[in-house]
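K.L.:
A structural model of the following input is requested.
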Amino acid sequence: MNLEEFINTDPNFYGRGNANLFYSSSISGSDDTPVAPFTLLGMSVPLRDLNGNNLVSPLKEVDKFKFDFAGQRVEVTINGRQKKNTYFFFSFDPLVVNSIPEEDRPGTRIEEDSEFVFFPYFESSYFNSDYNPFQGSAQELLRNSVIQVVDRNTSQAQPTNLAALVAGTAGKAQIPDSKYETAGIISGKYLGAKLTSAPTLFNVSKDIFKIHVDNNGVPGSEPALSFKLFEGSIHRSDADTTTIKGLSDTDREKIEIYFDSRRQRVGGVLTFPNFPSTSNILYIGVQGSNDLRKAVDSKIYSIETNKVFTTDEDGIVTSIT
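P.N.:
Below is the predicted model of the structure:
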């Protein structure tokens, strides 16, 4: 399961009061057994606990979770959150652990009765509490050291306090000094912003299949993409398709092929295909690094489906044979 599929999986599907934990690791063997170390990356938490208590308010404000996991007490720091209809998804600063719960049944690992602690914990919503000032109860803004108030209440053509403005004795405006040094203030209005993501070079974590673009100043692809992989081999674009399919296992150089998996509706159900179709983009690993590059002007063979995907100069699949 990749990150996007995890985010869209309701933890209530597995029972009331259940929270789903997202982690990555290497795998081994034909049964894809996870291998330590394991990196905790995110969690989906329902809006109600096992006893039916409403958790919406504390989940809106929480910064950290502390909970029991695989025989130890772990603490994770939240760096992002998404609210769904019946649950919140939280992303964490990566936390490495060396053990995970044993399998309850094939493909399922359960930590029974894990005690959760929220930091901080607010029983009521911030927006309707003593911590949030109401209109008229907030303090006045700081006065600017230079900017003065221009009084145009009487005349729009000439301020009534013109003499005071000229003399520099007019009242100071309620605009805090910024000195135009704060990035959040000057970026949008003065510096501007542009997408500088690379069209061909990506950094990949194979266990999460979340690819972050290596910003190298070349405009192109999106800043983050969700990928899936399959095993195959890469060949020249002018290679004979029949010959490619006829190669033996000993003659075939097997590699991992990635593609930008996009959700499709199949039989009325939204799903992520396991293999590419036309218009998908194919990628292969760069030797000696965790980078990916587009498989341009090539023929890519899929071992599992016995299909050959032909790509153009942009790595886009143009035909499947």
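K.L.:
alpha carbons only for contacts and neighbour counts from here, please
P.N.:
Will do.
K.L.:
let me know the secondary structure of the residue nearest to residue 231 when sequence neighbours are not counted.
P.N.:
Nearest-residue entry for residue 231: residue 256, 4.8 Å, with adjacent residues in sequence omitted and distances by CA to CA, 6 or more residues apart in numbering. At residue 256 the chain is in strand, as set by DSSP: H, G, I helix; E, B strand; the rest coil.
K.L.:
got a list of what residue 256 touches?
P.N.:
Each residue near residue 256 by CA atoms under 8 Å, 6 or more residues apart in numbering is listed here: 229, 230, 231, 232, 233, 284, 285.
K.L.:
list the residues that contact the third one.
P.N.:
Going back to what we said before, that points to residue 231. Contact partners of residue 231, counting by CA under 8 Å, 6+ apart, are 254, 255, 256, 257, 302, 303, 304.
K.L.:
can you redo those as TSV with distance to residue 63 and pLDDT?
P.N.:
Formatted as TSV, the contacts of residue 231 follow (distance: CA to CA, whole Å; pLDDT from 0 to 100):
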residue	distance to residue 63	pLDDT
254	44	90
255	41	90
256	38	90
257	38	91
302	44	93
303	45	92
304	44	92
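K.L.:
now the helices for the stretch 151-300 of the chain?
P.N.:
Taking DSSP state H, counting those that start in this stretch to define them, one finds helices in the stretch 151-300 of the chain at 162-167, 183-186, 241-246.
K.L.:
buried residues in stretch 90-109?
P.N.:
By 16 or more other CA atoms under 10 Å, the buried positions in stretch 90-109 come out as 90, 91, 92, 94, 96, 97, 100.
K.L.:
for stretch 149-166, same thing?
P.N.:
The neighbour-count check on stretch 149-166 (16+ other CA under 10 Å) flags 149, 150, 151, 159, 165 as buried.
K.L.:
ok, so of the residues you listed, who is nearest residue 250?
P.N.:
Closest approach between the buried residues of stretch 149-166 and residue 250, by CA to CA: residue 149, at 82.0 Å.
K.L.:
leaving out the residues flanking it, which one is nearest to the closest one?
P.N.:
Going by CA to CA, 6+ apart, residue 149 has residue 173 as its nearest residue, at 4.9 Å.
K.L.:
same deal with residue 43?
P.N.:
Per CA to CA, 6+ apart, closest to residue 43 is residue 21, 4.5 Å.
K.L.:
that neighbour touches residue 39, doesn't it?
P.N.:
No: the criterion here is CA atoms under 8 Å, and residue 21 misses it with residue 39 at 10.7 Å.
K.L.:
could you look up the SS state of the residue nearest to residue 20 when sequence neighbours are not counted?
P.N.:
Once flanking residues are discounted, residue 20 sits nearest to residue 44: 5.1 Å by CA to CA, 6+ apart. With three-state DSSP as the basis, residue 44 sits in strand.
K.L.:
isn't residue 44 right up against residue 85?
P.N.:
No: contact criterion CA under 8 Å: residue 44 and residue 85 do not qualify, at 11.9 Å.
K.L.:
neighbour count winner among the two?
P.N.:
Using other CA atoms under 10 Å as the criterion, residue 44 and residue 85 rank with residue 44 on top: 26 against 8.
K.L.:
Provide a list of residues in contact with that one.
P.N.:
7, 10, 11, 19, 20, 21, 87, 88, 89, 90.
K.L.:
hey, what's it bridged with?
P.N.:
Legend: beta-bridge partners of residue 44 under DSSP bridges are residue 20, residue 89.
K.L.:
distance check, it against residue 263.
P.N.:
For residue 44, the distance to residue 263 equals 21 Å [CA to CA, to the nearest Å].
K.L.:
cool, residue 36 as well?
P.N.:
31 Å.
K.L.:
now residue 6
P.N.:
Separation of residue 6 from residue 263 (CA to CA): 13 Å.
K.L.:
more neighbours, those two?
P.N.:
Between residue 6 and residue 263, residue 6 has the larger neighbour count (other CA under 10 Å), namely 17 against 13.
K.L.:
doesn't the more buried one belong to a helix?
P.N.:
Yes: read with three-state DSSP, residue 6 is one of the residues of a helix.
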